[in-house]
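Peer 1: Need the 3D shape of this:
(2 chains)
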There are 2 protein chains.
Amino acid sequence: MKLNLLNKHQDALNTAIKALHERTFYARYPENPSPEVYGENADKEGREKYKSHLNEKFDELLQQEPEQWVGQEDSPYEQQPLNIKYPYFAPETLVNRAEEAYHQWRKVKPADRAAILVESLERMKERFFEIAYATMHTTGQAYMMSFQASGPHAADRALEAVAAGLEEQTRFPETTEWEKPMGKYNLKLNKTWKAVPKGVALVIGCSTFPTWNTVPGMYASLVTGNPVIVKPHPKAVLPIAIVVAEVQKVLQENGLNPNICQLAVDADDHLITKELAENPKVKLIDYTGGTEFGNYVESLPGKTTFTEKTGVNSIIIDSVEDLDKVAQNLAFSVSLYSGQMCTAPQNFFIPEGGVKVAGGETVPFEEVVRKISDAVSGLVNNPKAGPHVLGAIQNPATSERVKSAASIKGKEVLSTCDFSNPMFANARTCTPVIYEVDATEKESYSRELFGPIMLIIKTKDTNQSVELAKEMAMNYGAISCGAYTTDPEVKEKIMDEMSLAGTPVSFNLTGGIYVNQNASFSDFHVTGGNPAGNASFTNPEFVIKRFTWVGFREPVAG
Amino acid sequence: MKLNLLNKHQDALNTAIKALHERTFYARYPENPSPEVYGENADKEGREKYKSHLNEKFDELLQQEPEQWVGQEDSPYEQQPLNIKYPYFAPETLVNRAEEAYHQWRKVKPADRAAILVESLERMKERFFEIAYATMHTTGQAYMMSFQASGPHAADRALEAVAAGLEEQTRFPETTEWEKPMGKYNLKLNKTWKAVPKGVALVIGCSTFPTWNTVPGMYASLVTGNPVIVKPHPKAVLPIAIVVAEVQKVLQENGLNPNICQLAVDADDHLITKELAENPKVKLIDYTGGTEFGNYVESLPGKTTFTEKTGVNSIIIDSVEDLDKVAQNLAFSVSLYSGQMCTAPQNFFIPEGGVKVAGGETVPFEEVVRKISDAVSGLVNNPKAGPHVLGAIQNPATSERVKSAASIKGKEVLSTCDFSNPMFANARTCTPVIYEVDATEKESYSRELFGPIMLIIKTKDTNQSVELAKEMAMNYGAISCGAYTTDPEVKEKIMDEMSLAGTPVSFNLTGGIYVNQNASFSDFHVTGGNPAGNASFTNPEFVIKRFTWVGFREPVAG
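Peer 2: Numbering: from 1, shown residues only, chains lettered A, B, ... in the order given. Here you go, the predicted structure:
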């Protein structure tokens, strides 16, 4: 390599590997988009760079000879096309180029691959604001989330995957002398081991978190020596296109084939995901999105798959210290990015007998519901908070789902209202709806209702709440669970039952921390232990399934 | 627990974990069955104990209320039934008992589980000779292999799985305080993680290596907190029944439910494997055996599977130092346990132009074949070696396969001969056959021919040999590969090509080390990277897929 990138990034890699095991707070990329951190003009320049892409060809990629130029993105804030055109390549071309690049990339040492990838994240950092605006205008996320989730948080998740991949590939010696006492003599063998990458990898992105959900699989496959084809959602290409372009530039600067990491954009008139996924040369597939397509991906023969599908997340309210604080916390969780997060809570299980609060008093069920409903209304109607929390709706189908109550058998507690974003008069928006549903109406709450839809489920008691939350997670998947209890025995029971459903639990969150949040280097995202997905950011399994340990041995000469 | 087993076995566990990473020679259980190691009367007492089981009920298991007593074992040496009867339980009963035991076992700490399992291996050690005779008279292995493979080597493979499982479950902290600087204040969360076992595990054994191939999956599932149902091959029950009995005794002594590890013997009139495997409560399946059933196991929805199926193992001969030594080594490899090993070589690729030897001379193809054939005849006809190397044939179908050349399109170089074992006049035996096949006759050599069948395939050159060996491994699986070359470039090429086929390679073996052998704590057995199996003894993947990491978090009080 021309640049000594390993020297440059060895400390970063060591620190990241250490952080993985300590699992306390660690971030390489600051989440605060302030001028003190990123420079006085960073925001302004980022916005301008974003705007410079509109109505133009995205020509930064180093992939040669596109067949055509395509693009279908719309801004949920402006409800009009971005009109950015990306190069299109036939799936066969992409796979063949990846296969060719494989035989170069797999021979680069894991530590050098890791250093190249960290360098690409440093370049990505220079473009966090541009990526933030690209994310806003494809996903509908508000500015702060767009910056944090698609920029520093995504880069840290990528670094986490790089660190885990490097560690796992170096956990066994490259070479050793094996010496076995045989009585009269010692038998001596030289042994070596290789972590052999599995082959062409495909990463299928989603429309709501175009970098955050894509980079873990992308960097995990890359660090383990597999060439990657990144297939973004056709409605959210720009944020990840910028990242892929930076990876390609770093590869080329280091004398490597930029096709080690390719962008695959759907044609305007047909989607290419299935054709890519079914190609026999594609060995690894990462996927984020709906359950139906996720199940299809998992069922493909001869592939190792890593999926994040949908889930039904629960909140269990048993007893609390301060109900108002709890209500405010939950109102924020359900409103954040209008519930378009895979970690957003949907089913709120509350006992019909009410909720015990500090001092021993029990607040009746109806009052608990009212407090939550008031907290949601208060948040939404606060002009300083509402627009920055809710953002816009990525997909018109989500607004429709929120507005039509037809399929939910329950009482409407709060209906969605017209909500206008002061900065974007044409933004596609809606505010959370709340339904009260009886525990017996399982059909209403036993599926994901993507968007800001809150179902308050009246249960007999906390035991039933836990039982139903567990059943939902085991049968339909769950990515998060929040629980409120001041009783250590109830807490223990919730931990035990939800652990059997492979669902992480956040207890008694109030203030500035929410069940939706997931910290790199500390919180495993998705467990792989229920139908919400078969993989986890980033446990060892997420990286070791991308390569094969193969050993070689030979008698020591002489 | 009543006994302080963790104190007793902590050192053994630490040493084993260290050995896993150094991958140089390590064995806890001595492979030499000598009186100096195991005691003056160990062999005699073991033989007597084995004989005491014949024609009796095996009543050591702690599983209650059998429905009937069953048994179908025959001795390949005596060709008559052992007439040992084992308790039979309906699959439903076994699974329900396992499920009940699960909720006790999963709550035992990983380190305590590991200590209990090491204790069971220490008890197994006391019965190595008894297990050796049980193995001889079920599998047909010769005495030495029966002792080593089913005793110390199996116990070391089990210990390896225990060590790997313990290490992986303790790689992340049980608890940590996560503290994130938020500018004006720090956000503090207490976080905890649990390695949650997946549930009921099934281990399906084979007829040729009843303990060696069973204990890795069995101990891997147990150490990670999963209750195990061990379903041996109906023709090879006794060796593993003894091991299961010892595990049950240690569990009961420690106040635990012996059903944490159950033996499941097929009824005399029907097999129970499919009913067990398809039970929805069964989450983990380990399997060793034929490809067809293995593919069925892998295809079962909702299961995590670990398979070792069949493969087509190759020897590539390019150039050698000493052809006679090579021929002797290969003759031993193909004769050992009459080729009934998953690591036995079958396809011998030799260039039509002959093989270069030390000094630069090239030995013609025909002479290479003759030397190999002579070496096989010499070994078989040596009364001091033959019987101890060949053993007996486990399954009559194997002898039939060796005797019928019908399906092989090639020239018979060596035919099987009547071979009588001096100690067992009625032993079912056959000696290796050798066919010479042209490289174009792919159909003849592109499937596993289980037993002592050696195909010498005449190729254009070493490049074609490598290409075909790789193709066979990628398409039909391979567990081992031997290669002979004195050319470093050829060696590099073979390593590279076979690594892409997920196949380990032994180079230039001569003397007392054979391609069939696989050392615990050093050689990964099966890679999981080709159709011969999806799992590997014991890489991290072999244990981490048996549990789920689940996290919990809560704000720090105050």
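
Peer 1: For chain A, name the helix or strand with the lowest mean pLDDT.
Peer 2: Counting by mean pLDDT, DSSP states H and E, chain A has its least confident helix or strand at helix A:396-403, which shows a mean of 90.

Peer 1: Would you mark the buried spots in the lengthiest helix in chain A?
Peer 2: If you go by DSSP state H, chain A has its longest helix at helix A:5-22. Neighbour counts over helix A:5-22 (16 or more other Cβ atoms under 10 Å in any protein chain shown) mark A:5-6, A:9, A:12-13, A:16-17, A:19-20 as buried. In short, each C-beta sits where N, CA and C put it, glycine included.

Peer 1: in its sheet, what does the helix or strand following the least confident helix or strand of chain A sit against?
Peer 2: Using DSSP states H and E, the helix or strand that follows helix A:396-403 in sequence is strand A:411-414. Strand pairing for strand A:411-414, using DSSP bridges, gives strand A:433-438 (antiparallel).

Peer 1: what's the angle between the strand it pairs with and helix A:396-403?
Peer 2: On the basis of axes from the mean of the first three to the mean of the last three Cα atoms, to 10 degrees, strand A:433-438 is oriented at 50 degrees to helix A:396-403.

Peer 1: Dump strand A:433-438 to CSV, restricted to CA.
Peer 2: Output of strand A:433-438 as CSV, limited to C-alpha atoms (Å, rounded to 0.1, in the frame of the first residue of the first chain):
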residue,chain,number,x,y,z
VAL,A,433,-52.5,8.1,17.4
ILE,A,434,-53.4,6.2,20.5
TYR,A,435,-55.9,3.3,20.7
GLU,A,436,-57.0,1.5,23.8
VAL,A,437,-57.3,-2.2,23.1
ASP,A,438,-58.4,-5.0,25.3
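
Peer 1: buried set for it?
Peer 2: Quick answer for strand A:433-438 (16+ other Cβ under 10 Å): A:433-437.

Peer 1: cool, and stretch A:163-176?
Peer 2: Buried residues in stretch A:163-176 (16+ other Cβ under 10 Å): A:163-169, A:171-172, A:176.

Peer 1: Report the rounded mean pLDDT for that stretch.
Peer 2: For stretch A:163-176, mean pLDDT is 97.

Peer 1: One more: stretch A:217-232?
Peer 2: 98.

Peer 1: Walk me through the domains of chain A.
Peer 2: Domain assignment for chain A by automatic domain parsing gives A:5-309+A:536-552, A:314-507.

Peer 1: in chain A, which residue is closest to the centre?
Peer 2: Nearest to the geometric centre of chain A sits A:Asn213, at 3.2 Å (Cα atoms, centre = their mean).

Peer 1: what are the phi and psi angles of A:Glu367?
Peer 2: Here is the backbone geometry of A:Glu367 (degrees, to the nearest 10): phi -70, psi -30.

Peer 1: what ranges do the strands span in the stretch 251-400 of chain A?
Peer 2: Using DSSP state E, counting those that start in this stretch, the strands of the stretch 251-400 of chain A run over A:261-263, A:282-288, A:304-308, A:314-317, A:347-351, A:355-356, A:362-363.

Peer 1: can you put these in JSON lines and add mean neighbour count?
Peer 2: Formatted as JSON lines, the strands of the stretch 251-400 of chain A follow (neighbours: other Cβ atoms under 10 Å in any protein chain shown):
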{"stretch": "strand A:261-263", "mean neighbour count": "28"}
{"stretch": "strand A:282-288", "mean neighbour count": "25"}
{"stretch": "strand A:304-308", "mean neighbour count": "23"}
{"stretch": "strand A:314-317", "mean neighbour count": "28"}
{"stretch": "strand A:347-351", "mean neighbour count": "25"}
{"stretch": "strand A:355-356", "mean neighbour count": "20"}
{"stretch": "strand A:362-363", "mean neighbour count": "15"}
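
Peer 1: out of these, which comes closest to B:Arg546?
Peer 2: strand A:304-308 (17.3 Å; Cβ to Cβ).

Peer 1: Can you tell me which helices and strands the closest one packs against?
Peer 2: strand A:282-288, helix A:291-299 (3 or more Cβ pairs under 8 Å, 6 or more residues apart in numbering or on different chains; DSSP states H and E).

Peer 1: Nearest residue to A:Gly199 in space, please, no chain neighbours.
Peer 2: A:Lys283 (3.8 Å; Cβ to Cβ, 6 or more residues apart in numbering or on different chains).

Peer 1: Just list the residues touching that neighbour, thanks.
Peer 2: Listed by Cβ atoms under 8 Å, 6 or more residues apart in numbering or on different chains, the contact partners of A:Lys283 are A:198-201, A:226, A:302-304.

Peer 1: between those residues, which has the most around it?
Peer 2: In terms of neighbour count, A:Ala201 stands highest of these at 30 neighbours, by other Cβ atoms under 10 Å in any protein chain shown.

Peer 1: a helix runs through A:Val95, doesn't it?
Peer 2: Yes: counting by DSSP: H, G, I helix; E, B strand; the rest coil, A:Val95 falls inside a helix.

Peer 1: A:Ile229 is in contact with that one, correct?
Peer 2: Yes: here A:Val95 reaches A:Ile229: they are 7.2 Å apart, a contact under Cβ atoms under 8 Å.
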